[in-house]
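Trainee: here is my input; please provide its structure:
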Amino acid sequence: MFKRLFAWLRRGVGALWWFIDATRRTLLNLLFLGLIVLIAVAVFKREVPVLQDNTALVLDLQGPLVEEQSGGVRDNALAQLQGNGAQSTRLRDVLAVLAAAEADPNISRVVLVLDEFQGGGLAALRDIADALDRFKASGKPVTAWGSGYDQKQYYLATHANEVFLHPLGAVYLDGFGRLRNYYLDALDKLGVSVSLIKVGSFKSAAEPFIANGPSPAATEADTLLYNGLWATYTEGIEAARQLPAGSTQALIEALPERLAAVGGDAAKLALEAKQVDALKTRDELRELMIERGVRDTESKSFRQVSFDTYLSRLTPSQRGEPSALVATPAVGIVVAEGEIVDGAAPAGAVGGLSTAALIRKAREDEAIKALVLRVNSPGGSVFGSELVRRELELTRAAGKPVVVSMGSVAASGGYWISTASDEVMADAATVTGSIGVFALLPNASRAIDKLGVHAEGVTTTWLGAAGDPRREPDPRFIGMLQTSVNHIYADFIGKVAAARKTTPDQIDAVAQGRVWTGLQARERGLVDTIGGLNAAIRSAALRAKLLEGSDPDVAASAPASSAAAKAPSYRIVYVDREPGRFERLIEAFGGATARVLAQHFDLQLVPAGLPERVTGPVRKDLGWLVELVDGRKPFAAVTHCLCGPP
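Mentor: Numbers count the residues shown, from 1 in each chain. Next comes the predicted model:
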């Protein structure tokens, strides 16, 4: 009887489990099918509108300006799914859209709307400003409007033919500089100390961990750097707005009195100072664009196309994407953006292995005749930097020219990887140099003593616990680290000297960990020429003899839209990592997919806690210190400036 009861129970449990499992699979299949249906609806409902003549391109840029979107297609699609909207705007996309619009007979003008634009480094902004100038040179006007302009937004706005501001808005320019957090007292209260081993009297990247304020050398270097960047910024906006030299600084110095004189009306002050041309509300802008263009009866606005929509219309060739169907010779571009690490890294960071693999991929591609390395990196791992540099060296040895285009930051390790090139081109506002090396050795022996924790044990050699953060560092270990750092620095300046065709002593005089602007670096022989991304691409094409038939000097200096720069034709191809299956699916269906899914699944995230401006720098600095300890190898050193664009 018990056997029959047991058999009955077993059959009952089995049937129940089968029912649960079948229900689970059915629900999952239905959910998957529902997602496919939603994606299909998004794709088939999305119609690519036919552009009519006299269409205005609305350049409504969103988020921060980046060289490469962090995390790739999947992460950006999921971010849209969570309701976070556009995470960033890629520089290459803006340049491609403006270049295509310049030649598009249906695009009559650009309307620049920057309220949601968070800006980027000054060098990248200058690349967009140059593209706007080329667009205007084609005879098409640019109009900028904003409810207000911060410093980065205003730099782009000044390159419009006319700048409009909302009557309740303001132009807010506050200059360059930064306040850093210094942690000596805080770490001391916690019982944590940090040993800094470095070469370079100006190598101040790690000073926040060993001091309560900047050293005199750091103050001297930062003052020269920021004054140089500010001069480039103010000269740029004053030239674009045809304002007297020095008028921007004079306005800031007299701002309290000038603002009081107009009764606190910041918009009126901007108009009086000729920072803007007129004060207009958004509806007044709309009516003006209708008068100058064509009324769109469906939208009850002017005939227009958005930045995202126009970008989706571009061909792969216009977007700089590789195509097996096109045999035209190409200039390849590899982007090295973010911190440098040893191994593989996702988009938005430089992996020693992954970025080297992209360079090797470009070298082995027979269609790519020259390579541009676009560097926007503050540095990081010495080993990772050398992996990238070596791959560039092999590319040159294979007969393919290499031109480095420095973005907003190309310092320390970012400069290391730039040394294996035929030409180093920096923007006037690039932050570069920082040729120095350091190592950090934190220890928390006093902290764990306060907790009553004691680290004891047996090792077969003194090295076994020499660098353990739970003990005071062994002086012999500190000495070995200093020897290693000295060696790496000597190797660093040796590589720079060989690349710059000078001596290590001459490089040492301008190195020592000091940062420079692009202009200052050229004056000291650390870069070859001043120019943006387009100039670097033309130079690479010229070196690869892709511009035969035109005068080399004319071709190298001509705008990309000119006849000299166009003939003969060549493609621009960004060499990116291969996307995964999910990313291919999203790319094939377009951005509408994530938007449709977001409408059906409310996954909005609500930020909480202290403002990011307060907690962000602390979390980043201390998190970086923890990562350094966790991932430390014996005698590990870093070439990092811990800096960013102003």
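Trainee: for residue 233, give its distance to residue 410.
Mentor: 18 Å (CB to CB, to the nearest Å). Yep, even glycine has a C-beta here, placed from its N, CA and C like the rest.
Trainee: which of these two has more neighbours?
Mentor: residue 410 (35 against 24; other CB atoms under 10 Å).
Trainee: can you pull up the bridge partners for the residue positioned nearest the centre of the chain?
Mentor: In the chain, the centroid-proximal residue (CA atoms, centre = their mean) is residue 66; its distance is 3.4 Å. The partner list for residue 66 in beta bridges (DSSP bridges) reads residue 90.
Trainee: residue 90 is in contact with that one, correct?
Mentor: Yes - taking CB atoms under 8 Å as the definition, residue 66 is a contact partner of residue 90 at 6.1 Å.
Trainee: ok, residue 415 touching residue 436?
Mentor: No - in this structure, residue 415 is not within contact of residue 436 by CB under 8 Å, at 10.1 Å.
Trainee: which one's more surrounded, the two?
Mentor: Using other CB under 10 Å as the criterion, residue 415 and residue 436 rank with residue 415 on top: 33 against 29.
Trainee: other SSEs contacting the strand or helix carrying that one?
Mentor: In the assignment (DSSP states H and E), residue 415 maps to helix 413-416. Contact here means 3 or more CB pairs under 8 Å, 6 or more residues apart in numbering; DSSP states H and E; on that basis helix 413-416 packs against strand 368-377, strand 379-381, helix 382-397, strand 431-433, helix 475-500, strand 638-640.
Trainee: chain center to that helix: distance?
Mentor: 16 Å (CA atoms, centre = their mean, to the nearest Å).
Trainee: ok, residues contacting it?
Mentor: Outside helix 413-416, the residues that touch it by CB atoms under 8 Å, 6 or more residues apart in numbering are 336, 340, 375-382, 384-386, 389, 406, 432-435, 492, 495-496, 526, 638-641.
Trainee: mean confidence (pLDDT) on the helix or strand just after it, please.
Mentor: Note on helix 413-416: by DSSP H and E, the next helix or strand toward the C-terminus is strand 423-426. Strand 423-426 shows a mean pLDDT of 98.
Trainee: which elements pack onto strand 423-426?
Mentor: Using 3+ CB pairs under 8 Å, 6+ apart, strand 423-426 is in contact with strand 402-411, helix 518-523, strand 529-530, helix 533-543.
Trainee: single out the most deeply packed of the ones you listed.
Mentor: Across those, averaging neighbours per residue (mean count of other CB atoms under 10 Å) puts strand 402-411 on top, at a mean of 30.
Trainee: what angle do it and helix 382-397 make?
Mentor: Counting by axes from the mean of the first three to the mean of the last three CA atoms, to 10 degrees, strand 402-411 lies at 160 degrees to helix 382-397.
Trainee: check which helices and strands strand 402-411 sits against.
Mentor: By 3+ CB pairs under 8 Å, 6+ apart, strand 402-411 packs against helix 122-137, strand 368-377, helix 382-397, strand 423-426, strand 431-433, helix 533-543.
Trainee: distance between it and the chain's centre?
Mentor: The answer for strand 402-411 is 12 Å, by CA atoms, centre = their mean.
Trainee: ok, now stretch 389-404?
Mentor: For stretch 389-404, the distance to the chain centre is 23 Å (CA atoms, centre = their mean).
Trainee: ditto for stretch 168-177
Mentor: From the chain centre to the centre of stretch 168-177 is a distance of 22 Å (CA atoms, centre = their mean).
Trainee: any idea how far apart the tips of it sit?
Mentor: 28 Å (CA to CA, to the nearest Å).
Trainee: what comes up buried for that stretch?
Mentor: Neighbour-count burial for stretch 168-177 flags 169-171, 173, 176 (criterion: 16 or more other CB atoms under 10 Å).
Trainee: same check on stretch 476-483?
Mentor: Buried, per 16+ other CB under 10 Å, within stretch 476-483: 477-478, 480-482.
Trainee: before we move on, back to that, can you redo the helices and strands packed on strand 423-426 as JSON lines with distance to residue 349 and mean pLDDT?
Mentor: Converted to JSON lines, the helices and strands packed on strand 423-426 look like this (distance: least, CB to CB, whole Å; pLDDT from 0 to 100):
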{"stretch": "strand 402-411", "distance to residue 349": "14", "mean pLDDT": "97"}
{"stretch": "helix 518-523", "distance to residue 349": "23", "mean pLDDT": "97"}
{"stretch": "strand 529-530", "distance to residue 349": "27", "mean pLDDT": "97"}
{"stretch": "helix 533-543", "distance to residue 349": "20", "mean pLDDT": "96"}
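Trainee: of the ones you listed, which is nearest residue 464?
Mentor: With CB to CB as the measure, strand 402-411 is the member of the helices and strands packed on strand 423-426 nearest residue 464 (36.0 Å).
Trainee: got the angle between that closest one and helix 533-543?
Mentor: 150 degrees.
Trainee: start at 7 instead
Mentor: Sure thing, new numbering starts at 7, so read that last one as strand 408-417.
Trainee: strand partners (parallel or antiparallel) of strand 408-417?
Mentor: Counting by DSSP bridges, strand 408-417 is paired with strand 374-383 (parallel), strand 429-432 (parallel), strand 437-439 (parallel).
Trainee: what's the angle from that strand to helix 128-143?
Mentor: 130 degrees.
Trainee: could I have strand 408-417 exported to CSV, CA atoms only?
Mentor: Taking C-alpha atoms only, strand 408-417 is exported to CSV below (Å, rounded to 0.1, in the frame of the first residue of the first chain):
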residue,chain,number,x,y,z
VAL,A,408,50.1,56.5,-39.1
VAL,A,409,48.9,59.9,-38.0
VAL,A,410,47.9,60.6,-34.4
SER,A,411,45.0,63.0,-33.9
MET,A,412,44.9,64.2,-30.3
GLY,A,413,41.5,65.0,-29.0
SER,A,414,40.7,66.9,-25.9
VAL,A,415,43.1,64.9,-23.7
ALA,A,416,46.1,62.9,-24.8
ALA,A,417,48.4,62.9,-21.8
